[in-house]
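Trainee: Kindly return the folded structure for what I paste below:
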Amino acid sequence: MFEKTLLYMKNRYLIIVMLFVFASCTKEETPAPQMPTNTDTVEKVIQINTSYGTMYMWLYKETPLHRANFLGLADTNFFDNTTFHRIISNFMIQGGDPNSKDMDPNNDGTGGPGYTIPAEIDTAKFRHKRGEVAAARLGNAQNPLKASSGSQFYICHSTSGTKGLDNEYTVFGKILSGIQVVDSIIKQPKNATTNRPLSDIKMDVNVVEKTRQQLRAEFNFEAN
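Mentor: Numbering: from 1, shown residues only. Alright, predicted model coming up:
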C-alpha cells in the first residue's frame with residue numbers, strides 16, 4: 001500500500017513538473033508585441049533668418065567639404081550678425097564675412113575664418129542657376145586652384161546673370177524655400193561703387209533637422 005502511494009505521488013509530481021515546463025516553453029516562444037518605430041531619415045537643413053524673411057537651404061552631399069564646413073560654422077553661430085554685404089540685381093547677393101559685423105564697411109568682403117576650402121566644382125551636376133548657392137573666392141591670379149573662401153557665399157538671383165561663373169566657383173547648395181527673400185534684399189538701396197547695402201542686412205543662421213517626409217511636404221524636395 002505504501003509503495004502504491006509513493007508511486008502515485010511520484011507520478012503526480014512528474015505531471016506537475018511537465019506542465020510547468022510546458023507552460024514555460026509556451027511563454028518563451030510567444031513573441032513580445034513590437035512597438036512601431038519611425039525609420040524616416042532625418043536630414044540637416046540650413047535656416048537663414050533675415051528681416052526680409054526666412055530662407056531654407058539644402059547643402060549638397062556631393063560637395064562634402066563645403067557641406068561639412070558650412071554646417072560646422074552654422075552650429076557654432078559663426079554667421080550670426082554677419083550681413084549680406086554685396087547685392088547686384090540679376091546676379092547675386094553675397095554674405096558670410098565676419099568683417100561685416102564691425103563698424104568699418106571698407107573691409108567687407110575681405111574676411112573669413114582663416115582658411116580656404118579645396119574646390120569641389122562639378123558642372124556635370126551643379127551649375128549657377130537661380131537659387132543656387134556657391135562659395136566666393138579670390139581670383140585666379142592669386143588662387144589658381146580655385147579654392148573657396150572659408151565662409152563667404154553667394155545666392156544666385158538670376159540664371160542668365162550667373163551662368164558665366166560655371167566651372168569657376170563651387171556650387172554647394174540650393175535654396176529650398178524663400179527665394180523671394182533674395183528678390184527683396186536685392187532691391188535695397190546700396191552704394192553704387194561697392195554694391196554694399198546702405199543699411200545692414202543681417203542674418204541669423206541655424207541648422208535645423210527635417211525628416212525626408214517633411215522635406216517632401218514642406219519643400220517638395222526629395223533628399224538623396
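
Trainee: who are the neighbours in contact with the residue nearest the centre of the chain?
Mentor: Nearest to the mean C-alpha position of the chain, counting by Cα atoms, centre = their mean, stands Val45 at 3.1 Å. Val45 makes contact with 56-58, 176, 207-210, 215 under the criterion Cβ atoms under 8 Å, 6 or more residues apart in numbering. For glycine as for every other residue, the C-beta is placed from the backbone atoms N, C-alpha and C.

Trainee: Looking at those, which is nearest Ala124?
Mentor: Among the contacts of Val45, Trp58 lies closest to Ala124 (Cβ to Cβ), at 18.6 Å.

Trainee: May I have the beta-bridge partners of Phe153?
Mentor: Note on Phe153: beta-bridge partners by DSSP bridges are Gly95, Ala135.

Trainee: Arg137 is in contact with that one, correct?
Mentor: No: applying Cβ atoms under 8 Å as the test, Phe153 and Arg137 come out as separate, 10.3 Å apart.

Trainee: Of those two, which one has the most company?
Mentor: Legend: neighbour count by other Cβ atoms under 10 Å for Phe153 and Arg137, higher for Phe153 (24 against 21).

Trainee: What score does the more buried one have for pLDDT?
Mentor: Phe153 is assigned a predicted lDDT (pLDDT) of 98.

Trainee: ranges for the helices of the protein?
Mentor: Here the chain has its helices, by DSSP state H, at 2-29, 64-75, 159-162, 179-185, 212-219.

Trainee: give the contact list for Phe46.
Mentor: You called it Phe, but residue 46 is Ile. So Ile46 contacts 56-59, 70-71, 74, 173, 205-208 (Cβ under 8 Å, 6+ apart).

Trainee: let's see it at 10 Å
Mentor: By Cβ atoms under 10 Å, 6 or more residues apart in numbering, the contact set of Ile46 is 55-59, 67, 70-71, 74, 79, 133, 173, 175-176, 205-208.

Trainee: Out of these, which sit inside strands?
Mentor: Of the contacts of Ile46, the ones assigned to strands by DSSP state E are 55-59, 133, 173, 175-176, 205-208.

Trainee: Just among those residues, which is most surrounded?
Mentor: Val133 (26 neighbours).

Trainee: Just the buried positions in stretch 189-198, please.
Mentor: Across stretch 189-198, burial judged by 16 or more other Cβ atoms under 10 Å covers 190, 195-197.
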